[in-house]
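Enquirer: Sequence below, structure please.
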Amino acid sequence: VPLYFLLAGARLCVCFIWGGALCLSLWPSRRVWGCVFQCLPGSAPGGGVRSAGRGGGGGGKPTGEEASEPLPPPPPPQPDPSPDDEVITATLSGSVGDGPIVGAALDFYDRHGGDIASFSSGDNADYRLSLRLQPEQFPLTIEAHGGVDLVTNLEPDFRLVSVVLEPGKRLTANLNPFSTLIVQTARHMRGGPTLNNIASARTSVLDHFGFGLDRRTVADPMRTPIDENNVAVMVKTSEAAGETIRRTRDALLGAGVQSADEVIDILAADLMDGMIDGRGAPGADPRVAAVATIVSGQVLVESLTNELRVNGVDAAAAMDNAIALIRPAVPADKRTASVPMTRQAARQAALSIAAAAAIADDANLSAAAEILNALPEDVLPSEARGLLPAATFEALDRAVERAAYGSAADIDLANLKVRAGLPPPSTT
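Expert: Sure, this is the predicted structure:
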């Protein structure tokens, strides 16, 4: 009767053989059958076969030993399954866009930078695919480039980046200007894009460069699925962020900035300490910070009345058409004109214009900053027309130029204003 035990990491086979004999042997097999083979009559302790002498008659051989066929060897030992060897089928999906981008090339990388897959965004400016992955491959990085921006009908000006931090069966990873800045900012932090660093970077980006992305409908620009209920706010705010990056690049072309990707990298280094003020990780640049700050105010003032200009042209109709293409169920009255200015966007605009007033010494800018700082939550574009002094736009143009080509003292004035923050809103 074979009994099979696990003792101190080894397998012990104990056989009570008929007649009272006891056989002990170590058996390396992970399977109990190895122990059974040990106890079979004629088995040698090492798994070979021994012969037993028998009497004659009954068909036995009258002389010599009875030969027996060798038993098959037991299966080789199998290693314990490791958690890292587990394979999961993960379905990844998300939206792609500054403005919604169709036909973007998507590249997927594992934690070591190894290629996993390539795909492209579809006609609805999104993607969906299933991949067989091991947990050790996470976090994943996704990059998008090329394609056609449905707002500009041009190839996008910069690559988009997102990450998937943890394994799962259904995973959302949107790619947009916010996700790109969040990932790039986290890369400047110790440990890179970990769960905590991504959360910290997301707070910094949305507080200081959020453009009114409403966290009541889009809690996380990387992980919240984009649908009919939030597509308008996602398109409008992403386009505002993208336009700020483009205008900052254009304003600084004569100052050595070469591309929109470079602007993003500089702003990400700056945001590492929680704000855009010319400080932060190595790579932050005070002049780029000042220009981006003032340009963001310019863009937000245009967005306030739903008159954002993209490449010099009012883009409201183009954004609405793009929304209709990718989410046809959204009614016309629920597109960009229905997106209000949040308190975050109003304070971002007020601080940006206050920084512009610091270097331009313009009373119109100071007045505009006070009005924006006092705005309540959720002001609609229809309610905001005529709210700011008419000279605000021209004054902002002059402030952008001064930030791009002015003295170091001018730059310091703008960045110092950002660090100082805003006073409490006036109640009068």
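
Enquirer: count of residues packed around V231?
Expert: Counted by other Cβ atoms under 10 Å, the residues lying close to V231 total 24. Heads up, the C-betas are built off the backbone N, CA and C, glycines and all.

Enquirer: Check the contact between it and I323; I expect there is one.
Expert: Yes - assessed by Cβ atoms under 8 Å, V231 is found in contact with I323 at 5.7 Å.

Enquirer: Now the common contact residues for the two.
Expert: Jointly contacting V231 and I323 under the rule Cβ atoms under 8 Å, 6 or more residues apart in numbering are V330.

Enquirer: how much space is there between G122 and Y405?
Expert: Using Cβ to Cβ, to the nearest Å, G122 is found at 43 Å from Y405.

Enquirer: And for T336?
Expert: Taken as Cβ to Cβ, the span from T336 to Y405 is 33 Å.

Enquirer: Looking at those two, which is more packed in?
Expert: T336 (22 against 14).

Enquirer: Please state the backbone phi and psi of that one?
Expert: phi -60, psi -30 (degrees, to the nearest 10).

Enquirer: ok, now L133?
Expert: When read as degrees, to the nearest 10, the backbone of L133 gives phi -130, psi 160.

Enquirer: Now do the contacts for it.
Expert: 87-90, 110, 116, 140, 167.

Enquirer: let's see 10 Å
Expert: Residues in contact with L133 (Cβ atoms under 10 Å, 6 or more residues apart in numbering) are 86-90, 92, 108, 110, 116-117, 140, 164, 167-168, 171.

Enquirer: and what of K169?
Expert: Taking Cβ under 10 Å, 6+ apart, we find K169 in contact with 88-91, 130.

Enquirer: Out of these, list just those in strands.
Expert: 88-91, 130 (DSSP state E).

Enquirer: which among the residues you listed end up buried?
Expert: Burial by neighbour count, judged by 16 or more other Cβ atoms under 10 Å, picks out A90 from the ones in strands among the contacts of K169.

Enquirer: Same list (the ones in strands among the contacts of K169) but as TSV, adding pLDDT and distance to M222.
Expert: What follows is the ones in strands among the contacts of K169, written out as TSV (pLDDT from 0 to 100; distance: Cβ to Cβ, whole Å):
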residue	pLDDT	distance to M222
I88	93	20
T89	96	22
A90	96	16
T91	97	16
S130	97	20
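
Enquirer: which one of the ones in strands among the contacts of K169 sits closest to A255?
Expert: A255 has its nearest neighbour among the ones in strands among the contacts of K169 in A90, at 44.0 Å by Cβ to Cβ.

Enquirer: pretty sure that closest one is in contact with R128, am I right?
Expert: No - using Cβ atoms under 10 Å, A90 is not in contact with R128; the gap is 11.4 Å.

Enquirer: Please save the CA atoms from stretch 102-112 in PDB.
Expert: Output of stretch 102-112 as PDB, limited to C-alpha atoms (Å, rounded to 0.1, in the frame of the first residue of the first chain):
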ATOM      1  CA  VAL A 102      -8.600  59.100 -37.200                       C
ATOM      2  CA  GLY A 103      -6.000  56.800 -38.700                       C
ATOM      3  CA  ALA A 104      -3.400  57.500 -36.000                       C
ATOM      4  CA  ALA A 105      -0.700  54.900 -35.800                       C
ATOM      5  CA  LEU A 106      -0.700  53.400 -32.300                       C
ATOM      6  CA  ASP A 107       2.400  51.600 -30.900                       C
ATOM      7  CA  PHE A 108       2.200  49.500 -27.700                       C
ATOM      8  CA  TYR A 109       5.300  48.900 -25.500                       C
ATOM      9  CA  ASP A 110       5.900  46.800 -22.400                       C
ATOM     10  CA  ARG A 111       7.700  48.100 -19.300                       C
ATOM     11  CA  HIS A 112      11.100  47.400 -20.800                       C
END
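
Enquirer: What average pLDDT does it get?
Expert: In this model, stretch 102-112 carries a mean pLDDT of 97.

Enquirer: how about the nearest residue to A322, chain neighbours excluded?
Expert: Using Cβ to Cβ, 6 or more residues apart in numbering and skipping the chain neighbours, the partner closest in space to A322 is L150 (3.8 Å).

Enquirer: where does this protein dip in pLDDT?
Expert: For the chain, applying pLDDT under 70 flags the ranges 1-85, 426-428.

Enquirer: Quick one: list the elements packing against the helix or strand that contains N197.
Expert: Using DSSP states H and E, N197 maps to helix 195-208. Other helices and strands packing on helix 195-208, by 3 or more Cβ pairs under 10 Å, 6 or more residues apart in numbering; DSSP states H and E, are helix 177-187, helix 260-271, helix 343-360.

Enquirer: Could you export the ones you listed as JSON lines, including distance to P135 and mean neighbour count?
Expert: Formatted as JSON lines, these follow (distance: least, Cβ to Cβ, whole Å; neighbours: other Cβ atoms under 10 Å):
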{"stretch": "helix 177-187", "distance to P135": "20", "mean neighbour count": "26"}
{"stretch": "helix 260-271", "distance to P135": "28", "mean neighbour count": "23"}
{"stretch": "helix 343-360", "distance to P135": "36", "mean neighbour count": "25"}
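
Enquirer: what would those look like in JSON lines with distance to I411?
Expert: As requested, these are exported to JSON lines (distance: least, Cβ to Cβ, whole Å):
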{"stretch": "helix 177-187", "distance to I411": "21"}
{"stretch": "helix 260-271", "distance to I411": "13"}
{"stretch": "helix 343-360", "distance to I411": "8"}
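
Enquirer: Of all the ones you listed, which one is nearest G421?
Expert: If you check each of the helices and strands packed on helix 195-208 against G421 by Cβ to Cβ, helix 343-360 wins as the nearest, at 6.9 Å.

Enquirer: how much distance is there from the closest one to the middle of the chain?
Expert: Offset of helix 343-360 from its chain centre (Cα atoms, centre = their mean, to the nearest Å): 29 Å.

Enquirer: No further questions, thank you.
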